[in-house]
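need a 3D model of the following:
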Amino acid sequence: MKLAIIFLCLLGLALARPDTILDFEGEDHEHEQEGDAGDKVEGTYSWTSPEGEEFYVKYVADEDGYRIVESNAVPVSHDGVAADGNQGSFTSDEEAEK
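Sure thing, here's the model as predicted:
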């Protein structure tokens, strides 16, 4: 009986965690991705430039496409627009205006 309870607890913990799709760490590069492949994934990757500067990108990829949510590697436009996860969304304000 105790073995069955332990098994059910472990199964519950395994099901409660997001699926790790990718977890890579190299000398100057890291990439982690979690979610449901082919449906929705969230991830982050980072690298160190030859000059020693560290860069990162946090992203989401789902039915609305691949979008950068936060990054210090993507430049901010001259009018202050930065990556916020809304760029490239297939569900744009155009549909709301109809």
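
what about the nearest residue to residue 40 once chain neighbours are set aside, how many residues nearby?
Distances taken as CB to CB, 6 or more residues apart in numbering place residue 62 nearest to residue 40, at 3.9 Å, with adjacent residues excluded. Heads up, the C-betas are built off the backbone N, CA and C, glycines and all. Summarising burial for residue 62: neighbours were counted as other CB atoms under 10 Å, giving 15.

how about residue 41?
For residue 41, the tally of surrounding residues (other CB under 10 Å) stands at 19.

then residue 27?
Burial of residue 27, expressed as a neighbour count using other CB under 10 Å, amounts to 7.

can you classify it by secondary structure?
coil (DSSP: H, G, I helix; E, B strand; the rest coil).

what about residue 24, helix or strand, and which?
Residue 24 is part of strand 20-25 when elements are defined by DSSP states H and E.

circling back: who's the residue nearest to residue 40 bridged to?
Partner residues in beta bridges with residue 62, using DSSP bridges, are residue 65.

I figured it hits residue 43, correct?
No. Taking CB atoms under 8 Å as the contact criterion, residue 62 and residue 43 are not neighbours in contact, 11.7 Å apart.

one step back: what helices and strands are in contact with the strand holding residue 24?
Of the remaining helices and strands, those touching strand 20-25 by 3 or more CB pairs under 8 Å, 6 or more residues apart in numbering; DSSP states H and E are strand 29-36, strand 40-48.

dump those strands into CSV; add distance to residue 73 and mean pLDDT as well.
Rendered in CSV, the data for these read as follows (distance: least, CB to CB, whole Å; pLDDT from 0 to 100):
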stretch, distance to residue 73, mean pLDDT
strand 29-36, 13, 91
strand 40-48, 8, 94
